[in-house]
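Visitor: model the structure of this input:
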Amino acid sequence: MSPARLKLDGVFPPVTTPFAADGGVDAKALAANIRKYNAAGLAGYVVVGSTGESVYLSDAEKLAVWEAARGAADSGKVLIAGTGCESTAETIELTRRAAGLGYQAALVRTPAYFKSQMTEAALERHYRAVADASPIPVLVYSVPQFTGLGVSAALVVRLADHPNISGLKESSGDVRLIGEIARQAPPEFTVLVGSASAFYPALAEGARGAVLAVACALPEMCVELYEAWRRGDHARAQSLQQRLLEPTAAVTTRFGIAGLKHAMELRGYVGGPPRAPLLPLDAAARAEITRIFRALESSE
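Guide: Numbers count the residues shown, from 1 in each chain. Next up, the predicted model:
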C-alpha cells in the first residue's frame, strides 16, 4: 500500500497492554478491548506504542500483542505498529515483523538514549534507513515528554519527501509546530496530533487526525469531536475539547498509564495494573479518577 493510498485520517487509540495475574501479557483481554473499540467509529489502532508500555515488552510479547490485536480488529481498521527501538537495525527488524503480521504502517519513535548525539543528521539517516528497508509506510513519532528529544519542522519536511515516510505523530502539543509542518509538507503527508489537550486546535492548523491516550477510555467522545470538526460544527468541537481537558490530564500527566487503565475499567474495558517499575494507583488516585469520569458521564 503506497503512502498516498494509506488513509490515516481520524482517531486512533494507542491501545493499552493488559497483563494477567502472573504478570504476562493477557492477549484475550486485549482482543476483548479491540472488539469493543470496533464499534466506536475509530479509524484504527496503534499497537505497542508508548501507552501500550512498549518499553517494558520483550520482542516476543510485542509479537503476541500485535497478533492478538490484528485478530480482533475489524477488516476496515488501519493497524499501526509501534516498532521504534534505539538502534536502526532492531527498528528495521521489528518493522519487517510487524509488516509480516499484516500491519499497514509503522510508528517509529526518535531514538534518544544518546540524545546529545541524536542530531538532525543522525535522526534523518535513521528514518531514511528504516523507510528504505520497510515493507510498509513509516510514521515519524516525536514524543519529547518521554524522550527529551523533539523534531524540527525542517527535519520532518525533508523526511516527508521520502516516498515511504507517510506522516508524523507529534505529541508535544505544540500547535504552531504542527501547523508549520502541515503547511510545508506534501499534501499526502499526514500529521497526527498526539496530545488530546491540543486536538481541536491541531485540526484547525492542518492535522488530519489524532493518536490519543484518552481515546482508550473515551473513544466515542474523541470521534465525536473529530466528526464535528470535519462537518464544520466548530462550536460543538470546541465544547467537546473543553470537556476532554480534565479527563485527559488525569490519564496522562497526573496519573499516567495506571490512571488510564483505571479509567478504562470505569468505562467497561479491561484495564488492570501497569507493569513494574510503574506503580499501581493508590486509593486516593483511584477515587479522583472515578470522580472525574463520573462527573463527565453525568454531564452527557
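Visitor: break down the chain into its strands, ranges please.
Guide: With DSSP state E as the criterion, the chain has strands at 10-12, 44-47, 78-82, 105-109, 138-142, 165-170, 190-193, 209-211.
Visitor: who are the packing partners of the first one?
Guide: It refers to strand 10-12. For strand 10-12, the helices and strands in contact under the criterion 3 or more Cβ pairs under 8 Å, 6 or more residues apart in numbering; DSSP states H and E are strand 44-47, strand 209-211, helix 219-230. Where you see a C-beta, it was placed from the backbone N, CA and C, and this is true even at glycine.
Visitor: distance between the shortest one and the chain's centre?
Guide: It refers to strand 209-211. With Cα atoms, centre = their mean, to the nearest Å as the basis, strand 209-211 stands 7 Å off its chain's centre.
Visitor: what is the neighbour count of the residue nearest to Q184 when sequence neighbours are not counted?
Guide: The spatially closest residue to Q184, leaving aside those adjacent along the chain, is V157, at 4.7 Å (Cβ to Cβ, 6 or more residues apart in numbering). If you count neighbours by other Cβ atoms under 10 Å, V157 ends up with 17.
Visitor: for V157, give its distance to S195.
Guide: Separation of V157 from S195 (Cβ to Cβ, to the nearest Å): 21 Å.
Visitor: K36 too?
Guide: When distances are taken as Cβ to Cβ, K36 and S195 turn out to be 24 Å apart.
Visitor: so which of the two has more stuff around it?
Guide: Just comparing K36 and S195: by other Cβ under 10 Å the higher neighbour count belongs to S195, 24 against 15.
Visitor: go ahead and confirm the more buried one touches K169.
Guide: No. The pair formed by S195 and K169 falls short of the contact definition of Cβ atoms under 8 Å, at 10.0 Å.
Visitor: take the helices and strands packed on strand 10-12 and write them to JSON lines, including mean neighbour count, mean pLDDT and distance to R294.
Guide: Converted to JSON lines, the helices and strands packed on strand 10-12 look like this (neighbours: other Cβ atoms under 10 Å; pLDDT from 0 to 100; distance: least, Cβ to Cβ, whole Å):
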{"stretch": "strand 44-47", "mean neighbour count": "28", "mean pLDDT": "98", "distance to R294": "27"}
{"stretch": "strand 209-211", "mean neighbour count": "28", "mean pLDDT": "98", "distance to R294": "25"}
{"stretch": "helix 219-230", "mean neighbour count": "20", "mean pLDDT": "98", "distance to R294": "15"}
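Visitor: now the ones you listed in a markdown table, with distance to R286?
Guide: Below are the helices and strands packed on strand 10-12 laid out as a markdown table (distance: least, Cβ to Cβ, whole Å):
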| stretch | distance to R286 |
| --- | --- |
| strand 44-47 | 26 |
| strand 209-211 | 26 |
| helix 219-230 | 21 |
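Visitor: OK, contacts around R176?
Guide: For R176, the contacting residues are E205, taking Cβ atoms under 8 Å, 6 or more residues apart in numbering as the criterion.
Visitor: that one and E170: what is the separation?
Guide: For R176, the distance to E170 equals 11 Å [Cβ to Cβ].
Visitor: G52 contacts T17, correct?
Guide: Yes. With contact defined as Cβ under 8 Å, G52 reaches T17; the gap is 4.6 Å.
Visitor: of these two, which one has the most company?
Guide: Neighbour totals were compared for G52 and T17, and T17 leads with 30 against 25 (other Cβ under 10 Å).
Visitor: any idea how far the more buried one lies from A81?
Guide: If you go by Cβ to Cβ, the gap between T17 and A81 works out to 13 Å.
Visitor: which residues are in contact with each of those two?
Guide: Both T17 and A81 are in contact with V48, where contact means Cβ under 8 Å, 6+ apart.
Visitor: what sits against the closest residue to F293 other than its chain neighbours?
Guide: In space, F293 comes closest to L266 once its chain neighbours are excluded; the distance is 4.9 Å by Cβ to Cβ, 6+ apart. With contacts defined as Cβ under 8 Å, 6+ apart, the neighbours of L266 are 217, 289-290, 293-294.
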